[in-house]
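Asks: model this:
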Amino acid sequence: KTIADNRTKRDAELSQDRAQWDQNRNDHYAALLAKASTTDQQTAVATFKTTIETAVTARRAAIDVAIKAYRDGVDTAVGSRQGTITMAAATLKTSMDTALQTAVTDCAAGKDSKTVRVAAMAAIKNARTAFTTSVKGLDKSDTTIQALAKTRSDAVKKAIADFEVAKKAAEKTLRTAWGK
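Replies: Residues are numbered from 1 along each chain as shown. Purely as a prediction, here's the structure:
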């Protein structure tokens, strides 16, 4: 699977989960409103709903921003790595083509075939060594992606913690209005 396929799948799952959570909250609000027997209780339920929905919207926005930042960072890291590999491969091809062309030219000029062969093999070996060194020197993006994942995780935890604080305050206000 590609990164895009995984992202599409995760986005669809998240969207489906969010729709279910929205439905569960709406069912909870309806049950609270059905239990509300006074105008004050009904007002308290409406205030509770508004507070919770505002907190949910803020939480979702923060999580969406964290996910986007993570994905953008991963795309940049992967793109940079792929670009470097592509350039190294192009350099390898050019070096090998040059070595082979030099060998053909030297043979046509009547140079000793053994000397031409040794020189061509050395040039090809040097080109391969340069390619291997370029590719091995790349960061495999693990450290970058791990740092991005930690940043995303921290942002999600903060969004959830902020939501929990708002939820507890809204619940306390609702309980107070209901005399509990």
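Asks: For Leu32, see how far away His45 is.
Replies: You called it His, but residue 45 is Val. Distance of Val45 to Leu32, computed by C-beta to C-beta, to the nearest Å: 5 Å. Backbone N, C-alpha and C define where each C-beta goes, glycine included.
Asks: Find residues that contact each of those two.
Replies: Leu174 (C-beta atoms under 8 Å, 6 or more residues apart in numbering).
Asks: So the two - more neighbours on which side?
Replies: When neighbours are counted by other C-beta atoms under 10 Å, Val45 comes out ahead of the other of Val45 and Leu32, with 21 against 18.
Asks: what about that one, helix or strand, and which?
Replies: Using DSSP states H and E, Val45 sits in helix 39-108.
Asks: Against which helices or strands is that helix packed?
Replies: In terms of contacts (3 or more C-beta pairs under 8 Å, 6 or more residues apart in numbering; DSSP states H and E), helix 39-108 is packed against helix 3-35, helix 113-136, helix 142-178.
Asks: tell me which residues of the last one are tucked away?
Replies: What that stands for is helix 142-178. Using 16 or more other C-beta atoms under 10 Å as the test for burial, helix 142-178 gives 144-145, 148, 152, 155-156, 159, 163, 166-167, 170, 174, 177-178.
Asks: Check the first one too.
Replies: Neighbour-count burial for helix 3-35, counted by 16+ other C-beta under 10 Å, picks out Tyr29, Leu32.
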